[in-house]
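> Could you look at this predicted model? Sequence included:
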Amino acid sequence: MTQPGSENQQLTPNSRFRQALAANRQNRTTNIGGSASATTSGDQPDWLDPTLHGEGGSMTTTTSILGRRPREPSPDGTVVLAAPVPGPAPHIDLTRTATILIANPNKRLKSGSESDLLYFARAREAERSLLQYHATLRLLDTQEDLIALNKQWTMSKQLKANINQFTIATLLSPSISSYRTLLVSTVQELLVKDCSLPEGFFRNPARMQIVSRAIQAAATNHRSTIKKKARIDLATSTKWNIRKLASTLTKGTDLKITALMLQRYAFIRFQYVNAPVEDAEAKGKGFWKHVSKKLVEAGDSIPDADEYAMAMKAYLTQDESLYTVGGKKLRLYEKTQLPEFQIHADEAAKDVVLSALEDDDELDGDGLNADNHRDDDDDADDGAGPQDD
C-alpha cells in the first residue's frame, strides 16, 4: 500500500493545498449528511437522488472547490478540461444595457456606448455579440446618412476653378510625356498639394467619383480646345498665331506662359498639320495617340537633353515664321516667376504615363463638351479664330 506521504511529495504546493481543501470539503459534506460511518463505507443517504451518484457512489461534479473545472487525462495522455455543465440562460446575469437590447432588438445604442473598449473586453460572450450587432447597425445607419449627404454635395466654385487650371497646366506642361492619360491621379495630387481637398477626402468614394468625373471632363474639353485651335485652314487668311493660342488656352487661369510651353504647343500643331494623309485617324479620334507616339519617337531619337531642347525650339521658330505676322509681343515668364501650382504640375507631369489598365480613347478627339454632349462634328470648327493683331 502506498505510503500517505509519498503522494504528497510528488505534488506541487498548490496541488497539495487544493487537495487539502477538497478533503475538508468532503468532511463537511459527510458531517452535513449526519452519518460519518455511512460516508466512510461508501453508502449515500436515502434522500440523495440516485441519478447524481458517481461510479464510487459519491456525487459527481465538474467543478473543484475553487470553482475550476477539473483536469482529466485524454486518451493520448494529455490533460484536458472536463466539459462544462450547461449553465443558466446567457442573458440572466448580463448588464442592464444588454438586457435592454434583448428586450428591444430594434433599439439603437447611444453614440459611444458600443465603442467602450474596456467595457467590451469585460463583457460576456453573448453581450459582446449584441454589442457587435448594434455597432454594425450603427455603421449602416451612418453609411446611409453619408450616401444621402453625398447626393446633395456639390463642388465649390474654387474647387472647380482649381480643377480647370490644374488640368490645363498639366496638359500644357513641357514635361508631360503622354497625352493619352486620364490625368485624374495627377490632378488629384495637385489638388492635395494645394490643399484644395479636405483631409480624409479620399476615404469618401462618392465625392471622389464626383471630382474624378470633373477632372475627366476638364481634360476632355481642354484637349478638344487644343486640337481645334491647332487646325490651320491654309485656304483662308485667318490663322491662329502661337501667342494668341497660348493666351486663349490659359485665359481664366493663373497660368503663366513660358517659352517651353509655346515650344510644346508648336510641336503639337506641327503633328496635326503634317499628319499622314493616309492615316485618317491621325487628325480624328486618334490625334492624341499620334502626338504621343511622335513625342516618344523624338525623345528616343534625341537622347541628349541639350539637343532635344534645341529641336523643340526649332518647332517654335518654324511655327512663328509660318503663322505669326506682326502682332504684340507676348510676355514670357521664367520658371522662378511661375506660381507654385504650375511648378508642381510640371513636376507631376513627368510621371504621367500611358495607363495600361484603361484605354482613354473616350477622351481622344473632341470628346465631351461643356454640356456633356459629344461633339463629333470635326468640320463644325474650321480652325478660324480672331484676326491677328
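It's in.
> list the buried ones in stretch 153-162?
For stretch 153-162, burial by neighbour count (16 or more other C-beta atoms under 10 Å) applies to L159, N162. Every C-beta, even on glycine, is put in place using the N, C-alpha and C of the backbone.
> my bad, should have said stretch 312-332
Buried, per 16+ other C-beta under 10 Å, within stretch 312-332: M312, Y315, L316, D319, E320, L322, Y323, T324.
> Check the last one and give its pLDDT.
Among the per-residue scores, T324 shows a pLDDT of 75.
> That one and R243 touch, don't they?
Yes. Assessed by C-beta atoms under 8 Å, T324 is found in contact with R243 at 6.7 Å.
> Where does the prediction get shaky in this protein?
1-14, 17, 28-124, 128, 144-152, 181-182, 199-200, 232-239, 325-328, 351-389 (pLDDT under 70).
> what about the helices in it?
According to DSSP state H, the chain carries its helices in the segments 4-10, 13-33, 36-40, 96-103, 117-122, 125-152, 157-171, 184-193, 205-229, 242-249, 259-273, 287-301, 305-323, 340-349.
> Identify whichever of those helices lies nearest to L332.
With C-beta to C-beta as the measure, helix 259-273 is the member of the helices of the chain nearest L332 (5.1 Å).
> Convert the C-alpha atoms of that closest one to CSV, please.
Extracted in CSV, the C-alpha atoms of helix 259-273 (Å, rounded to 0.1, in the frame of the first residue of the first chain):
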residue,chain,number,x,y,z
ALA,A,259,8.9,79.7,-73.9
LEU,A,260,8.9,75.9,-73.2
MET,A,261,5.1,75.9,-73.2
LEU,A,262,5.0,77.6,-76.6
GLN,A,263,7.5,75.1,-77.9
ARG,A,264,5.5,72.2,-76.8
TYR,A,265,2.3,73.6,-78.4
ALA,A,266,4.2,74.3,-81.6
PHE,A,267,5.2,70.6,-81.6
ILE,A,268,1.5,69.6,-81.2
ARG,A,269,0.4,71.8,-84.1
PHE,A,270,3.2,70.5,-86.3
GLN,A,271,2.0,67.0,-85.8
TYR,A,272,-1.6,68.0,-86.8
VAL,A,273,-0.6,69.9,-89.9
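> quick one, that helix and helix 305-323 angle?
Here helix 259-273 points in a direction 60 degrees away from that of helix 305-323 (axes from the mean of the first three to the mean of the last three C-alpha atoms, to 10 degrees).
> list the helices and strands helix 259-273 packs on?
With contacts defined as 3 or more C-beta pairs under 8 Å, 6 or more residues apart in numbering; DSSP states H and E, the packing partners of helix 259-273 are helix 205-229, helix 242-249, helix 287-301, helix 305-323.
> between those helices, which one is nearest to P174?
Across the helices and strands packed on helix 259-273, closest to P174 is helix 305-323 (C-beta to C-beta), at 7.6 Å.
> Show me what that closest one is packed up against.
The criterion is 3+ C-beta pairs under 8 Å, 6+ apart, and the helices and strands that helix 305-323 contacts are helix 242-249, helix 259-273, helix 287-301.
> which residues sit against that helix?
For helix 305-323, the external contacting residues (C-beta atoms under 8 Å, 6 or more residues apart in numbering) are 174, 232, 239-242, 259-260, 262-264, 266-267, 269-270, 298-299, 302.
> thinking again about what came up before, same list (the buried residues of stretch 312-332) but as TSV, adding distance to A282.
Output for these, formatted as TSV (distance: C-beta to C-beta, whole Å):
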residue	distance to A282
M312	21
Y315	17
L316	22
D319	19
E320	24
L322	20
Y323	20
T324	25
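> how far away is the residue nearest to L191 when sequence neighbours are not counted from Q165?
Excluding the flanking residues, the one nearest L191 by C-beta to C-beta, 6 or more residues apart in numbering is L197, at 4.9 Å. Plainly put, L197 is 15 Å away from Q165 if you go by C-beta to C-beta, to the nearest Å.
> What of T142?
In terms of C-beta to C-beta, T142 sits 35 Å off from Q165.
> So which of those two has more stuff around it?
Between T142 and Q165, Q165 has the larger neighbour count (other C-beta atoms under 10 Å), namely 22 against 11.
> my guess is the more buried one meets L249, correct?
No. The pair Q165 and L249 fails to qualify as a contact (C-beta under 8 Å) at a distance of 10.7 Å.
> Ok, which of the helices of the chain comes nearest L330?
L330 lies closest to helix 242-249 among these, at 4.1 Å (C-beta to C-beta).
> Show me what the closest one is packed against.
helix 205-229, helix 259-273, helix 305-323.
> Among these, single out whichever gets nearest to E340.
Here helix 259-273 is closest among the helices and strands packed on helix 242-249 (C-beta to C-beta), at 16.7 Å.
> Now do that closest one: everything it contacts.
The contact list for helix 259-273, computed with C-beta under 8 Å, 6+ apart, reads 172-174, 176, 226-227, 230-232, 242-243, 245-246, 249, 283, 287, 290-291, 294-295, 298, 312-313, 315-316, 318-320, 332.
> now that helix and helix 340-349, what's the angle there?
Using the same axes, to 10 degrees: helix 259-273 against helix 340-349 is 50 degrees.
> Buried residues in helix 259-273, which are they?
Buried, per 16+ other C-beta under 10 Å, within helix 259-273: 260-272.
> Quick check: the farthest pair among those residues?
It's L260 and Y272 that sit farthest apart of the buried residues of helix 259-273, by C-beta to C-beta, at 19.5 Å.
> mind giving me the domain split of the protein?
Domain ranges of the chain: 96-152, 157-380, per automatic domain parsing.
> Would you agree T186 is in contact with K350?
No. Look at T186 against K350 with C-beta under 8 Å: they stay out of range, at 9.9 Å.
> so how far does stretch 315-329 reach from one end to the other?
Counting by C-alpha to C-alpha, to the nearest Å, you get 18 Å between the two ends of stretch 315-329.
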